[in-house]
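In: just a sequence and a predicted model for now, questions to come.
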Amino acid sequence: MDLNRVAVFARVVETQGFTAAARALRLPKSSVSRSVKQLEDDLGVRLLQRTTRQVRLTDAGRAYYEQASRALASLDEARDAVSDAEGAPRGAIKLTAPVDMGVFLLAPILTEFVRRFPQVRVEAMLTNRVVDLVQEGVDLGVRMGRLADSSLVARPLAPLEAGLFASGDYLDARSTPKRPTDLESHDCVLFKSSTGRSRWSLQSGTSSATVEVRGALAADDFFFVHEAIRSGAGIGILPLYLGLADSRLVRVLPEHSIRGGRGHVVYPSARHVPRRVVLLRDAIVEGVTHRCERSGHPGQCPTRR
């Protein structure tokens, strides 16, 4: 029995199709289809019912997959045990994350990780779309906000805070806000607003303030907001890890912050998790916590009062 054919069959089942399996395995679709057909010939049974739109398991296929997937997981565990016994983790890890978070927050964490474990290779797929981890063969995902897929195992990240930022030129021309209500008379760069208005809730210690602001520019991407702020379009909200990284920006009302959502590191629950993936997961959790703690310290970017 060719175990490669068994593994290809299992990936077709997990990704629910030959095309997605071929993409995850980085093989031609014809090779995936031929491998499954050869496995069916070896076993003498039909494992999959193929239609133009989807692939379904036969009864025999379902029974075979349940046993085969457990056997493949055991082989993965055996492989990792050998790797662990040799002392150093090795192999590839595929990670997905939002673009801005990957560039400004994860890049230094991943750099330190591969420096620490030189036999591990990390491929970062940065995209703002929600990636199907199983269908696209991704080991780890970093996601912000509420998790819609309950089949994923999730490790929470430290809450990410945001702050108000502007360019020095803009503040020179328009003055620097002294209190939250001053924002109402300023041009603001809005995030995910279709009306030209937004309500910002600011926190300062145990007190809070909500102000309604206006702006001619709005976007659903923090990179755009960042560039617009830097170009002098107005005051905007940026995650602290993004705003504080740019010495050309000035933090406005630095005693106030915007409580950001909590992110998670997620991975498929049905799959054996190799040691290298566990190590990277923990490194991301610890690294994000450290960066968030640092971003809360004063004196890391210019401020005007």
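Out: That came through, no problem.

In: enumerate every residue touching residue 187.
Out: With contacts taken as Cβ atoms under 8 Å, 6 or more residues apart in numbering, residue 187 has the following neighbours: 170, 174, 214, 215, 216, 233, 234, 235. (Each C-beta comes from the backbone N, C-alpha and C, glycine too.)

In: and the furthest pair within these?
Out: 170 and 214 (15.0 Å; Cβ to Cβ).

In: more crowded one of these two?
Out: Shown here are residue 170 and residue 214; by other Cβ atoms under 10 Å, residue 170 has more neighbours (21 against 17).

In: in what element of secondary structure is the more buried one found?
Out: Under the criterion of DSSP states H and E, residue 170 resides in helix 168-174.

In: now do the same for that helix: mean pLDDT, whole number.
Out: Per-region confidence: helix 168-174 scores 96 on mean pLDDT.

In: how about stretch 153-164?
Out: Per-residue scores along stretch 153-164 average to 89.

In: if we ignore the residues flanking it in sequence, what's nearest residue 239?
Out: Leaving aside its chain neighbours, residue 239 sits nearest to residue 162 (5.0 Å; criterion: Cβ to Cβ, 6 or more residues apart in numbering).

In: residues contacting that neighbour?
Out: Contacts for residue 162 (Cβ under 8 Å, 6+ apart) come out as 237, 238, 239, 240, 243, 257, 258, 259, 260.

In: related to what we said a few turns ago, residues of the helix holding residue 170 that come out buried?
Out: 170, 171 (16 or more other Cβ atoms under 10 Å).

In: picking up where we left off before, which SS class is the residue nearest to residue 239?
Out: strand (DSSP: H, G, I helix; E, B strand; the rest coil).

In: could you give the bridge partners of it?
Out: residue 239, residue 258 (DSSP bridges).

In: for the strand or helix carrying residue 142, name the packing helices and strands.
Out: Assigned by DSSP H and E, residue 142 falls within strand 140-144. With contacts defined as 3 or more Cβ pairs under 8 Å, 6 or more residues apart in numbering; DSSP states H and E, strand 140-144 has these neighbours: strand 91-97, strand 263-268, helix 275-295.

In: residue 51 is nearest to which of these?
Out: Of all the helices and strands packed on strand 140-144, it is strand 263-268 that lies closest to residue 51, at 25.4 Å by Cβ to Cβ.

In: I'm done for today, thanks for sticking with me.
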